[in-house]
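[1] here is my input; please provide its structure:
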Amino acid sequence: MHEHYFHVLNKGLAGELERLPLDEALDHLDNHLAHFLLDGAVSGCYAGRLGRDPGLAASPRGRAALAYTLSKRVQQQPFDATCLRPLGRLLNRQDLEVRADFLASLNAEPEGLDDILALNGPGERLEGGPVLRSLLKVYPSYVQAADLLLELDQEQGQGPGDWLKLFRCPGPVEAQWRARLFSHWAALGREAEALALWPGLEASAGECLWNQAAALHLAAGREAQARACLEKSLALDPRQVPLRLRLAEMDRPTPLRPELLRQRRVVVCIYSFNKAPVLEATLCSLAATDLGSARLRLLLNGCTDRSREVAESARKLFPDNDFQVLDLPVNVGAPAARNWLAALPECREADYVAYLDDDVELPRDWLARFLSVAEEDEGIGVVGCKVLEPGAPARIQYLYRNVALARPDMFKLIMHAPPGATDNGLYDFTRRTMSVMGCCHLLRGKVLREVPGFDIRFSPSQGDDIEHDLAVCLAGWSVVYTGRVACVHHQNSGVSWKPSAAITRARAGNVIGNDIKLCAKHAGNLERLRELALADRRRAESGADWRGRA
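    Predicted coordinates for the structure are as follows:
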C-alpha cells in the first residue's frame, strides 16, 4: 500500500488519476467540479489522463469530458499548443489547429523552454527568468517566453516586469495575449489595469474571463454587475457549482446574529508549542474580535520559550472574559492537546467549543458568524471557514474537502483548494461538506461529548481534524463551511502550492503515514464514506441550500 502513496505524493493528482479506470477518473472529475472552479493546471492534469486512455474512443462521456477539460485549459493557458490541437480535432475547429500551427512557428527555442517548464524545485522556475528575458531580446515575438515571464511575475504577486517592453505580440494571437494580461491583473486584484483591457474582450469572453470580471466587481462592492457576470458565465458553462452557490449567497445571505455571543455558552481553545512571537500576534488578533461572554483557554503544550510570559501579558487583553492558562510539562501533540481541552469541565458543559491554532489572524465577527451558522440547524456539528495564506495578493490555503477515493488500497480526499488560487470572493458562500480546516473551527458541545475524541495516532499534527470530521459525518452530524469568515493561517503544515514549502522526505513520510492510518482506521467504513461523498456532491450539484437536514 505504501508504494501507491509514494507514487501519488510524488505525482500529485496525476498519480492519483493513473490508478483509476476511465469511469472512476470521470467520477473523480465530477466530484472535483462539484467543489471547485476548474483552473488551468488541474484541467490539464485531467485532460492528460483522459487523452491517454485506450478506451476513450468508445466512451462518449470520456470524449465530452476531454473536450471540456481541454477547453478550460485553453481558456486559461491560451498558448499551450499541445491542448489546442486535440481540442480542435474534438470540436472540428480548424481555427484552433491553425493557431496551434502558428504558435509552433513562434516556438524558437522549444528545448530551452521545456527545460524551464520542467523546473519544479523551490525557486527553480524563478531562476529561469533571466534566460526567458534573453530569449525575448533575441525573439521579440516569442509569446511562449512572454507567457512564462508573466506567470513568474504572478507567482511573486507583481505586475509585468520590464521585459514587457521587449515583447512584440504577433497579430494572430493579440486577442489571446490581451485576455492573458487581463487575467493577470484581475488575479492580482488590480481593477484599473484589468478593466482597461476589458473593452474588446467582452464580446468573445469565455466563462473564465467572466468569472474574473465578476470577482473584480465583487471586490469593489458592485453586486449587480457581479451577478450579471456570474450569470453570463453560468450560461456558457452550467457545471460551475461554486458560481451557483455564490449567487445563492447573494439571494439568501448567510445570517449573522451577534446576540448569540452572549446567549450561548462558548469556550475558545488555543494550544501552542514554542511559538511565542506568533502566539502573541494570535492573541492580539483574537482580542480585537467580538467574543461576547466566551471563556478562553490557552494550553501551553510543553513550551520552553517565553510563551508563558506572553500568555500572562495577554490577560489584560481580555478584561471581560474568563481567561485561563494551562501548562503541560511535555508537548503531547495537537490531537491530545485538543482532547485535553475538550475534557475540561467548562468545555464539557459548553454549547460550543472553538479551536484555534496559535498562528492565525481572525476577522472581527468570526465567532458570531460561526454561531449563526450552527444555530440554523441543530444537526450541524462542525463549522469551519476559508483559510488564506499571509501576504498579498491573498491566496487560498484551504476551503473544504470530501472523500475522493475510498478503496482498500487508497484513501484520498479531494484537494483542499485550487492550487495557488487567489482569494477573489467567488468562494464566499456557505455549504455543507465533509471536512474543514482545524486551524479555526467551531464544534457543537454535544458532538465533542458524543463523538470519540481526536485520534492521537495522528500526532504530532496533521490529519486528526480531518479524521474527526469524517467521524462526525459517520455519526450523522453535518460539517459546514462558511466563506463569510476568512482566517489567515501563517503556517501550513500540509503540502503547500508555494515553492518554498517543498516537501522533505520526513514530511512526505508523515503525510503518507497519516494517509495510511486514515485508510486503515476507516477500512470498515469505505462504502458509507463513498455514499456520504456522493450525497455531498449531489447536494452541491442540485443547488440545495445548506440549511436543514434534508
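[2] which residue ranges of the stretch 151-300 of the chain form helices?
    The residue ranges that make up the helices of the stretch 151-300 of the chain, judged by DSSP state H, counting those that start in this stretch, are 174-187, 191-195, 207-219, 223-236, 241-251, 260-263, 276-287.
[3] point out the most buried one among those.
    Sort the helices of the stretch 151-300 of the chain by mean neighbour count, taking mean count of other CB atoms under 10 Å, and helix 207-219 sits at the top with a mean of 23. Yep, even glycine has a C-beta here, placed from its N, CA and C like the rest.
[4] and that helix, how far out from the chain middle?
    For helix 207-219, the separation from the chain centroid amounts to 18 Å (computed by CA atoms, centre = their mean, to the nearest Å).
[5] repeat for stretch 375-389
    In terms of CA atoms, centre = their mean, the gap separating the centre of stretch 375-389 from the centre of its chain is 16 Å.
[6] now stretch 369-381
    Between the centre of stretch 369-381 and the centre of its chain there are 23 Å (CA atoms, centre = their mean).
[7] distance check, Val451 against Cys269.
    From Val451 across to Cys269, the span is 16 Å (CB to CB, to the nearest Å).
[8] helix, strand or coil: sort out the residue nearest to Asn510 when sequence neighbours are not counted for me.
    Leaving aside its chain neighbours, Asn510 sits nearest to Gln462 (6.6 Å; criterion: CB to CB, 6 or more residues apart in numbering). When the structure is reduced to helix, strand and coil (DSSP: H, G, I helix; E, B strand; the rest coil), Gln462 reads as coil.
[9] quick one, which of the helices of the stretch 151-300 of the chain gets closest to Asp423.
    Shortest separation from Asp423 across the helices of the stretch 151-300 of the chain is recorded for helix 207-219, at 9.2 Å, computed as CB to CB.
[10] pull the CA atoms of the closest one into PDB?
    Extracted in PDB, the C-alpha atoms of helix 207-219 (Å, rounded to 0.1, in the frame of the first residue of the first chain):
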ATOM      1  CA  GLU A 207     -16.600  31.800 -18.800                       C
ATOM      2  CA  CYS A 208     -13.200  32.000 -17.200                       C
ATOM      3  CA  LEU A 209     -12.900  35.700 -18.100                       C
ATOM      4  CA  TRP A 210     -16.400  36.400 -17.000                       C
ATOM      5  CA  ASN A 211     -15.500  34.900 -13.600                       C
ATOM      6  CA  GLN A 212     -12.600  37.200 -13.200                       C
ATOM      7  CA  ALA A 213     -14.700  40.200 -14.200                       C
ATOM      8  CA  ALA A 214     -17.200  39.100 -11.600                       C
ATOM      9  CA  ALA A 215     -14.500  38.900  -9.000                       C
ATOM     10  CA  LEU A 216     -13.400  42.500  -9.700                       C
ATOM     11  CA  HIS A 217     -17.000  43.700  -9.300                       C
ATOM     12  CA  LEU A 218     -17.400  41.800  -6.000                       C
ATOM     13  CA  ALA A 219     -14.200  43.300  -4.600                       C
END
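[11] contact partners of it?
    For helix 207-219, the external contacting residues (CB atoms under 8 Å, 6 or more residues apart in numbering) are 37, 72, 75-76, 179, 182-183, 186-187, 189, 191, 194-195, 198, 201, 205, 223, 225-227, 229-230, 232-234, 236-237, 240, 243, 424-426, 428.
[12] between Val451 and Cys269, who's got more neighbours?
    Set Val451 next to Cys269 and count neighbours by other CB atoms under 10 Å: Cys269 wins out with 24 against 21.
[13] hmm, the more buried one is touching Tyr352, no?
    No: counting by CB atoms under 8 Å, Cys269 does not reach Tyr352; the two are 10.9 Å apart.
[14] please enumerate the helices of the stretch 451-550 of the chain.
    464-474, 505-521, 526-542.
[15] in TSV: those helices, plus mean neighbour count.
    Formatted as TSV, the entries for the helices of the stretch 451-550 of the chain read as follows, by neighbours: other CB atoms under 10 Å:
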stretch	mean neighbour count
helix 464-474	23
helix 505-521	16
helix 526-542	16
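[16] by mean pLDDT, show me the worst of those.
    Averaged per stretch, pLDDT over those is lowest on helix 505-521, reaching a mean of 73.
[17] packing partners of that helix?
    Using 3 or more CB pairs under 8 Å, 6 or more residues apart in numbering; DSSP states H and E as the contact criterion, the neighbours of helix 505-521 among helices and strands are helix 2-11, strand 410-413, helix 464-474.
[18] quick one: which of the helices of the stretch 451-550 of the chain is nearest Asp115?
    Each of these was checked against Asp115 via CB to CB, and the shortest separation belongs to helix 505-521, namely 25.2 Å.
[19] now the closest one and helix 526-542, what's the angle there?
    Counting by axes from the mean of the first three to the mean of the last three CA atoms, to 10 degrees, helix 505-521 points 100 degrees away from the direction of helix 526-542.
[20] then helix 505-521 to PDB, C-alphas only?
    As requested, C-alpha coordinates have been extracted for helix 505-521 and formatted as PDB (Å, rounded to 0.1, in the frame of the first residue of the first chain):
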ATOM      1  CA  ARG A 505      11.400  13.200   2.900                       C
ATOM      2  CA  ALA A 506      10.500  13.400   6.600                       C
ATOM      3  CA  ARG A 507       7.300  15.400   5.800                       C
ATOM      4  CA  ALA A 508       6.500  13.000   3.000                       C
ATOM      5  CA  GLY A 509       6.700  10.100   5.400                       C
ATOM      6  CA  ASN A 510       4.400  11.900   7.800                       C
ATOM      7  CA  VAL A 511       1.800  12.700   5.100                       C
ATOM      8  CA  ILE A 512       1.900   9.100   3.800                       C
ATOM      9  CA  GLY A 513       1.800   7.600   7.200                       C
ATOM     10  CA  ASN A 514      -1.300   9.600   8.100                       C
ATOM     11  CA  ASP A 515      -3.000   8.700   4.800                       C
ATOM     12  CA  ILE A 516      -2.400   5.100   5.500                       C
ATOM     13  CA  LYS A 517      -3.600   5.400   9.100                       C
ATOM     14  CA  LEU A 518      -6.800   7.100   7.800                       C
ATOM     15  CA  CYS A 519      -7.300   4.300   5.300                       C
ATOM     16  CA  ALA A 520      -6.700   1.600   7.900                       C
ATOM     17  CA  LYS A 521      -8.900   3.200  10.500                       C
END
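[21] quick check: angle from it to helix 464-474?
    20 degrees.
[22] what is the neighbour count of the residue lying closest to Arg262 once chain neighbours are set aside?
    When the adjacent residues along the chain are set aside, Arg262 lies closest to Gly292, with 4.6 Å between them (CB to CB, 6+ apart). If you count neighbours by other CB under 10 Å, Gly292 ends up with 18.
[23] give the contact list for Gly292.
    Going by CB under 8 Å, 6+ apart, Gly292 touches Pro258, Leu260, Leu261, Arg262, Val266, Leu367, Ala368.
[24] the second one and Asn274, how far apart?
    With distances taken as CB to CB, Leu260 is found 35 Å from Asn274.
[25] and for the fifth one?
    When CB to CB is applied, the distance between Val266 and Asn274 equals 28 Å.
[26] with neighbour numbers in mind, choose between those two.
    Set side by side, Val266 and Asn274 give different neighbour counts by other CB under 10 Å, the larger being at Val266 (24 against 15).
[27] give me the element Ala354 is part of.
    For Ala354, the element it lies in under DSSP states H and E is strand 352-356.
[28] what's the closest non-adjacent residue to Arg297?
    Closest residue to Arg297 in three dimensions, ignoring its sequence neighbours and counting by CB to CB, 6+ apart: Cys269, at 4.9 Å.
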